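>>> Here is my input, please return the structure:
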Amino acid sequence: MQSDNVISDFLNADHRRLDALWVECREAIAAGDTDTLRACFAQFASGLRRHIVWEDTILFPAFEEQTGMRDSGPTAVMRMEHREIEGFLTRIESLAASGVADRLKREGASLQAGLSDVLHAHNVKEENILYPMSDQMMRGEKAAALVARMKAL
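Numbering: from 1, shown residues only. A predicted model of the protein is given here:
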């Protein structure tokens, strides 16, 4: 029997996968280990960007179509936060690419804390509000088709 939480189950599982990668990245930042950071952050940033694309191009338009909320409501806030997250990703990538351990330790802590704060608040809103609302509005084949489109990207 298929869960009624198809969208939540899929996107929450990806959040957990990304969270695990982010823990490894944070440890590398704290240690000033630019080599490890470059490797794990490439996976993390790529995965997070893919997750954002899933939401911005597939989930949010479907949600907006169902609710009639465009340019306002939860998806507008989520998109704004996605741009903020992207800014952190770009700055951390630049820092990792510098290869300077002292700079990574010095500047990385505040970037890591900033991204962690934004991600935590963002994920809480998605997991407790947006995803459950999406599950309620888009059930059965509609939800399965939406998740299939995300997986195909």
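
>>> Is residue 91 in contact with residue 111, as I believe?
Yes. Counting by C-beta atoms under 8 Å, residue 111 is a contact partner of residue 91 at 5.6 Å. (C-beta placed from N, C-alpha, C; glycine too.)

>>> now this protein, which segments are flagged as low pLDDT?
Counting by pLDDT under 70, the chain contains low-confidence ranges at 1-3.

>>> ok, so what distance separates residue 86 from residue 105?
24 Å (C-beta to C-beta, to the nearest Å).

>>> Which elements pack onto the helix or strand where residue 95 lies?
Using DSSP states H and E, residue 95 falls within helix 74-98. In terms of contact count using 3 or more C-beta pairs under 8 Å, 6 or more residues apart in numbering; DSSP states H and E, helix 74-98 is assigned the packing partners helix 34-54, helix 60-67, helix 101-125.

>>> Let's have the ones you listed in JSON lines, adding mean neighbour count.
Shown next, in JSON lines, are the helices and strands packed on helix 74-98 (neighbours: other C-beta atoms under 10 Å):
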{"stretch": "helix 34-54", "mean neighbour count": "18"}
{"stretch": "helix 60-67", "mean neighbour count": "17"}
{"stretch": "helix 101-125", "mean neighbour count": "15"}
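
>>> For residue 151, which of the ones you listed is the nearest?
When those are compared by C-beta to C-beta, helix 34-54 sits nearest residue 151, at 8.9 Å.

>>> got the angle between that closest one and helix 60-67?
For helix 34-54 against helix 60-67, the angle by axes from the mean of the first three to the mean of the last three C-alpha atoms, to 10 degrees is 30 degrees.

>>> No more questions from me, cheers.
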